[in-house]
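Novice: pasting a predicted model and its sequence here:
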Amino acid sequence: MCAYSLSATSMQVPPYPASCSIFTSPSLPFTTPHSYTFTSTVPKPRLPVFSATKDIWRNPKMTPSSPPSHPPRHRRKLQGTAFLDHTIDMDDLAASIRATQNDHDLNSLLSPYKSRSLSIRFMVSLLSREPDWRRSLAILDWINDVALYTPSVFAYNVVLRNVLRAGQWDLAHGLFDEMRHRALSPDRYTYSTLITAFRKAGMFDAALSWLQKMEQDRVSGDLVLYSNLIELSRKLCDYTKAIAIFSRLKRMGIVPDLVAFNSMINVFGKAKLFREARGLLKDMRAVGIAPDTVSYSTLLTMYVENEKFLEALGVFREMSEVKCGLDLTTCNVMIDVYGQLDMAKEADRLFWSMRKMGIEPNVVSYNTL
């Protein structure tokens, strides 16, 4: 038997100790009269690692209502299929689910389908329309433990998304562990959802730990995932991690795009790895990517900030040879370079040619000249 305790207040799940179930939480004080304790009528065939108690959703903005009976309006004319998918109005059923207040309401509403008369694909689509993380957990439990569907990685991915959006980090860990115990293999979407959510929340070490788990499971990441982690590392000035992630990206056989290469030019420059930064231009051409204005201007800025003016001059000459367009930043940097090298004539020529190139000089341009 599984008892469900819920409170009208929003619940924060504390970190669970190693000796406890992933969903065990201490008893919460009921702060309002709208508190409920429910007992499931169906034994839960969970593995021993799971607790007999689990906090389930309740929308605090709603008031309790009587359990809704199964409305016949959900039904459509049978289309001659093994499942009832095409006889059910999904929008109508989803709206009815959103009106439920507790697990008793939910079980009453879904009881006509507990013989698995709806396909798991239909149930996952229905689950994906539920934004509330607590109700999502309850629906997932109904799918797994009442209707006894074969556990679906797609269903867990949907609930993980909702849980992470609500910042329920411990529950996210618990759901991941539950997937493992149900013999489900997390896929690329699972890991991408976890990594992205923890990254956006500023928990960079946790995001990297999920990346490590992903690689241990031999689940291949994609360019967007690795590029986001590189950019975050760069913004946090953690250049060692950015370089390590870039190496992982290449080791996985993923070809960086222009944005990833430009980010890494900046990273190598900030780390004062000038040879590696310049070498990326060659690597870009090797995979058919032409360096753009950002690529060259990033290199120029790197050299100027480190007073390597001759190297900057060489990059600018290469930029001119490949006919790469200039921008305001590039022109201002090169006016400064010419000044540092006592090349006043070249600085003056570049300044007066800016308007011909459609570049309007700014205060920095005039002051530098």
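Specialist: Perfect, thanks for sending it. Remember, predicted model here, so these are calculated numbers, not experimental data.

Novice: and the strands in this protein?
Specialist: For the chain, strands defined by DSSP state E occupy the ranges 3-6, 36-39.

Novice: least reliable of those strands by average pLDDT, please.
Specialist: Among the strands of the chain, strand 36-39 has the lowest mean pLDDT, at a mean of 30.

Novice: burial of G339, as a residue count?
Specialist: 15 (other C-beta atoms under 10 Å). All C-beta spots, glycine's among them, are computed from the backbone N, C-alpha and C.

Novice: roughly how far apart are the nearest residue to R165 once chain neighbours are set aside and L160?
Specialist: Closest residue to R165 apart from its sequence neighbours, by C-beta to C-beta, 6 or more residues apart in numbering: W133 at 7.1 Å. The spacing between W133 and L160, counted by C-beta to C-beta, to the nearest Å, is 10 Å.

Novice: between these two, who's got more neighbours?
Specialist: L160 (25 against 20).

Novice: mind listing the helices in the stretch 51-200 of the chain by residue range?
Specialist: Using DSSP state H, counting those that start in this stretch, the helices of the stretch 51-200 of the chain run over residues 90-98, 103-110, 120-128, 133-141, 153-165, 169-181, 188-200.

Novice: tell me the most buried of the ones you listed?
Specialist: Of all the helices of the stretch 51-200 of the chain, helix 133-141 carries the top mean neighbour count, a mean of 23, counting by mean count of other C-beta atoms under 10 Å.

Novice: for the chain, what helix or strand is lowest in average pLDDT?
Specialist: strand 36-39 (a mean of 30; mean pLDDT, DSSP states H and E).

Novice: just for this protein, where's the confidence low?
Specialist: 1-81 (pLDDT under 70).

Novice: grab the most central residue of it for me.
Specialist: T196 (2.3 Å; C-alpha atoms, centre = their mean).

Novice: and that one, what does it touch?
Specialist: The neighbours of T196, taking C-beta atoms under 8 Å, 6 or more residues apart in numbering as the test, are A207, L225, N228.

Novice: give the ChimeraX command for selecting the buried subset of the residues you listed.
Specialist: To isolate the buried members of those in ChimeraX, using 16 or more other C-beta atoms under 10 Å:
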select :207,225,228
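
Novice: any idea how far the residue nearest to R165 lies from W169?
Specialist: The value you get for W133 to W169, if C-beta to C-beta is used, is 12 Å.

Novice: what do the two both touch?
Specialist: If you check W133 and W169 against C-beta under 8 Å, 6+ apart, no residue is contacted by both.

Novice: residues near the spatially closest residue to E307 that is not a sequence neighbour, how many?
Specialist: Nearest in space to E307, with sequence neighbours left out and distances taken as C-beta to C-beta, 6+ apart, is Q340 at 7.8 Å. Q340: 15 surrounding residues under other C-beta under 10 Å.

Novice: I figured Q340 was touching F309, is that so?
Specialist: Yes: the criterion here is C-beta atoms under 8 Å, and Q340 meets it with F309 at 4.8 Å.

Novice: shared neighbours, the two?
Specialist: By C-beta under 8 Å, 6+ apart, no residue touches both Q340 and F309.

Novice: hang on, S125 packs against I88?
Specialist: No: at 10.8 Å, S125 and I88 do not qualify as touching, with contact defined as C-beta under 8 Å.

Novice: returning to that earlier point: in a markdown table: the contacts of T196, plus distance to L109.
Specialist: Converted to a markdown table, those look like this (distance: C-beta to C-beta, whole Å):
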| residue | distance to L109 |
| --- | --- |
| A207 | 37 |
| L225 | 38 |
| N228 | 39 |
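
Novice: which one of the contacts of T196 is nearest T368?
Specialist: T368 lies nearest to N228 out of the contacts of T196, by C-beta to C-beta, at 35.2 Å.

Novice: nearest residue to the closest one other than its sequence neighbours?
Specialist: The nearest residue in space to N228 (C-beta to C-beta, 6+ apart) is R199, at 6.4 Å.

Novice: check C331 too.
Specialist: M354 (5.4 Å).

Novice: the one you found contacts P361, doesn't it?
Specialist: Yes: counting by C-beta under 8 Å, P361 is a contact partner of M354 at 5.4 Å.

Novice: L280 - how many residues pack around it?
Specialist: 22.

Novice: swap in T150?
Specialist: Other residues close to T150 by other C-beta under 10 Å number 11.

Novice: what sits against it?
Specialist: Counting by C-beta under 8 Å, 6+ apart, T150 has contacts I120.

Novice: please name the nearest non-neighbouring residue to D327.
Specialist: In space, D327 is closest to T293, 5.3 Å off (C-beta to C-beta, 6+ apart).

Novice: cool, A147 as well?
Specialist: Nearest to A147 is K114, by C-beta to C-beta, 6+ apart, at 4.6 Å.

Novice: before we move on, what about L249?
Specialist: Y226 (4.2 Å).

Novice: what sits against the one you found?
Specialist: Neighbours of Y226 in contact, by C-beta under 8 Å, 6+ apart: I245, F246, R248, L249, M252, I254, A260.
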